[in-house]
Structure formats: C-alpha cells, structure tokens
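Novice: Below are the sequence and a predicted model; questions follow.
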Amino acid sequence: MINSVLLLALVAFVLVYWRWGEVQGYVWKRKYQQQSLSEQDKATLLKYMSIYRNMTDKERHALECHIVWFLGEKRILGRDGLKINRAMEVIVAADACLLVLNKPWPLYPNVKEVLLYPSSYYVPQTSKDGAGLVNYHTSVRQGESWPGGTLVLSWHDVLEGNRLPGDGHNLVFHEFAHQLDQQTGHTNGTPELSKGQDYKEWGKVFQRAYSNLKSHVAYQMPHVIHSYGATNEAEFFAVLTETFIEKPHELRNYDPELYGLLHQYYQFNPSNWV
C-alpha cells in the first residue's frame, strides 16, 4: 500500500515538474484574469506615457494585463527615504512591460525587485592602480541592472524618460533591456531570440552596427544611436533598445537592416506610436 502511494506521488511529481510552465500559467490565469488596472491607473498612464496614448485598444489591453501581472509578482521598493505610491509603481511597470508587450508570462523571470532612489545616487567603488595600491572612490549613477534579479533606478530619471519620449533616452527601457540580455546567462548584447530568429544573422547585423557606431564616435561622424552605446556590446543593445522605441523613424532611415532585426525580436513596431 505504502509503495503504491509513493509510486503515485512520484508520478505526480514528475508530471508537475515536466509541465511546470503550464501549471504556472494556469495558476497565474486564475489569479490575474479577474484583475485589471483602475481608471486612476489608466489616467496615470495617459498623463505620463505618450506611447500608451498612441497604442491601439488591443495593445493597451495587453500592456495593462502585463502591468497587473508585473505588480503582482515583483517588488518595487523605495530607498533614501523615497515613499512609493501606486502611480510610481504603474509608471515603472508600464515602461518595463512595454519591452515584452507581445511576449508571454513569465516576464523577466530573473527579476525579483526594483529599488527606486529619489534621484542619482552614489556607489562606493574600489580600484587598483599599476602599483597595486587600492583606491576608494564613489561614482554617481542613475540606474543598474544586476544579474541576481535586482534593478536600481533613479525616480527623477524615470520621470524624465517619460517626459521626453523622443530624445532616445529612457532609463527603464535601458536597464530592463539589460535584464533581457542577461536571461541567457551572459551579458553580451545577445538576448534569447524570438522564435524564427537566427543567432548567426543577429550576430552579423549586430556586430556590423556596433562597429559602425564605434567608428562614427571615434571620428566624430553623425550617428543616431547615442555614443554611450559604443562602450561595449551590452551597452550597445540597451542603448539601441532606447533608440528603437523612441527614435524609430531615425533608426530605420539610418540602418533599415538593424531596425528590422529589432522589430522581429521585440515583435512590435514603435513607428506606429510616434
């Protein structure tokens, strides 16, 4: 009798283990399908997020469902005395969920929490010089994305990113693009590609565009992508994401092949929202 019970328990465990994604999806659907953003939440998005205003009803509904899920599964915490309210949570979640608008749950599976500072913050650092002496100093930052699942953001810069939707800068887009990049276990500018995309093709187009930006920055030639993207491949992908969403027409004219690559990966066309 005991052996039979143990066998049944083992079989049940194996079935749940192999179908865990479907089980999670079912639980989430039951938990969130009856939840929605309030009218006040939607008013916040209409006020602060111009992209939301320009979306179709179907796109807005998809984004709202993602926001509900995100706020139910992730923590948004204040630092340096910053008190978090609902509007702040909705704005951060909306910017983050835009990048994965047409992707299924779970969104950002590695992300556990978002830490919000009132503005730019100081980070202590150490470095060694050529003689091996350790130097202690601080650096000023607006945001960080940690592979362990924590993002750090300056609330002032989050607001600025939404206040100026066409300048090519959005801190939330940038840092959450790093999270997409880090889902592969490596931070190298190549995220987990969408179904049907080819990694070889991605690498060819991506490296060409990255090399072009470095050359244009070095020789002070005109470029649509911000020069910070020339720092390394990871920063190039994050800056490129900002440019793709906020300057779609300029990027498409500058490099149609690169624009098409991002269009296929993100599965939306931001040109429709500008």
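Specialist: Happy to help now that I have it. None of these values were measured; they are calculated from a predicted model.
Novice: mind checking the SS state of the residue nearest the centre of the chain?
Specialist: By CA atoms, centre = their mean, the chain has its centre lying nearest to Phe176, at 2.3 Å. Secondary structure, DSSP: H, G, I helix; E, B strand; the rest coil: Phe176 is helix.
Novice: do you know how far it is from Met221?
Specialist: To Met221, Phe176 is 30 Å away according to CB to CB, to the nearest Å. Heads up, the C-betas are built off the backbone N, CA and C, glycines and all.
Novice: top helix in this structure by residue count?
Specialist: In the chain, with assignment by DSSP state H, the single longest helix is helix 199-218.
Novice: would you put the C-alpha positions of that helix in CSV?
Specialist: Provided in CSV are the C-alpha atoms of helix 199-218 (Å, rounded to 0.1, in the frame of the first residue of the first chain):
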residue,chain,number,x,y,z
TYR,A,199,21.6,33.8,-33.9
LYS,A,200,24.1,33.9,-36.7
GLU,A,201,22.1,36.6,-38.5
TRP,A,202,21.7,38.5,-35.3
GLY,A,203,25.5,38.4,-34.7
LYS,A,204,26.3,39.6,-38.2
VAL,A,205,24.0,42.5,-38.2
PHE,A,206,24.6,43.4,-34.6
GLN,A,207,28.4,43.4,-34.8
ARG,A,208,28.3,45.4,-38.0
ALA,A,209,26.2,48.1,-36.4
TYR,A,210,28.2,48.1,-33.2
SER,A,211,31.5,48.5,-35.2
ASN,A,212,29.9,51.3,-37.2
LEU,A,213,28.9,53.2,-34.1
LYS,A,214,32.4,52.9,-32.6
SER,A,215,33.9,54.3,-35.8
HIS,A,216,31.4,57.1,-36.0
VAL,A,217,32.0,58.1,-32.4
ALA,A,218,35.8,57.8,-32.8
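Novice: From the rest of the structure, what touches that helix?
Specialist: Helix 199-218 has contacts (CB atoms under 8 Å, 6 or more residues apart in numbering) with 189-190, 193, 221-223, 225, 227, 229-230, 233, 236-237, 240, 255, 257-258, 261, 265.
Novice: and what of stretch 85-101?
Specialist: For stretch 85-101, using CB under 8 Å, 6+ apart, the contacting residues are 37, 40-41, 44-45, 48-49, 51-52, 59, 62-63, 66-67, 70-71, 74, 76, 107-108, 114, 116, 153, 155, 158-159, 161-162, 170, 172-173, 176-177, 180, 241, 245, 266-268.
Novice: Centre of the chain to it, how far?
Specialist: Stretch 85-101 sits 10 Å away from the centroid of its parent chain (CA atoms, centre = their mean, to the nearest Å).
Novice: Stretch 178-188 too?
Specialist: Taking CA atoms, centre = their mean, one finds stretch 178-188 lying 11 Å from the centre of the chain it belongs to.
Novice: Which other helices and strands does the very next helix or strand once past the longest helix of the chain contact?
Specialist: Under the assignment DSSP states H and E, the closest C-terminal helix or strand after helix 199-218 is helix 233-246. Contact partners of helix 233-246 among helices and strands, from 3 or more CB pairs under 8 Å, 6 or more residues apart in numbering; DSSP states H and E: helix 171-182, helix 199-218, helix 248-254, helix 256-266.
Novice: in the longest one, what counts as buried?
Specialist: In terms of neighbour count (16 or more other CB atoms under 10 Å), helix 199-218 has its buried residues at Trp202, Val205, Phe206, Ala209, Tyr210, Asn212, Leu213, Lys214, His216, Val217.
Novice: Stretch 33-48 now?
Specialist: Buried, per 16+ other CB under 10 Å, within stretch 33-48: Leu37, Asp41, Thr44, Leu45, Tyr48.
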